[in-house]
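Colleague: sequence and predicted structure are below.
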Amino acid sequence: LLIPRAIVIPMQAEKLFAIFEEFFNHASTPGAALVDKVHATYTFEIFPEKVGSGESKKWTIDLNTKPGKCTPQEVRQPLALNDHMPVVFSSGWW
């Protein structure tokens, strides 16, 4: 039985973004100084091997609002897998 490496070994990115989360959640709010300098929001999409190989994970680093934060984004299925509201088709929208 072969198990893909991405399943067995956690992504290195998960460890890195966990450190970012701890940084922004620290009681001394060290991220506030970054917000004053940067004023931007960054979204990172990380794939286990290469782009298009397997399910990606996304994190957002918000440096627009103090004290800043790093949050994982939930994985959503594409519309091709029927992740949409049936009302769209029944209401004549489509």
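Modeller: Noted; the coordinates are in hand.

Colleague: so Pro72 versus Lys15, what's the distance?
Modeller: Pro72 is 13 Å from Lys15, where distance means Cβ to Cβ, to the nearest Å. Where you see a C-beta, it was placed from the backbone N, CA and C, and this is true even at glycine.

Colleague: those two: who's more crowded?
Modeller: The residue with more neighbours, out of Pro72 and Lys15, is Pro72; 13 against 9, by other Cβ atoms under 10 Å.

Colleague: partner residues bridging the more buried one?
Modeller: Counting by DSSP bridges, Pro72 is bridged to Trp59.

Colleague: for it, give me the pLDDT.
Modeller: For Pro72, the pLDDT comes out at 91.

Colleague: what residues does it make contact with?
Modeller: 17, 57-59 (Cβ atoms under 8 Å, 6 or more residues apart in numbering).

Colleague: so, low pLDDT: which residues of this structure?
Modeller: 1-10, 51-52, 75-94 (pLDDT under 70).

Colleague: reformat the contacts of Pro72 as a markdown table; add distance to Glu45 and neighbour count.
Modeller: Putting the contacts of Pro72 into a markdown table (distance: Cβ to Cβ, whole Å; neighbours: other Cβ atoms under 10 Å) gives the following:
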| residue | distance to Glu45 | neighbour count |
| --- | --- | --- |
| Phe17 | 12 | 21 |
| Lys57 | 8 | 18 |
| Lys58 | 5 | 15 |
| Trp59 | 8 | 20 |
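
Colleague: which two among those residues are spaced furthest apart?
Modeller: Phe17 and Lys58 (9.8 Å; Cβ to Cβ).

Colleague: which helix in the protein has the most residues?
Modeller: helix 12-25 (DSSP state H).
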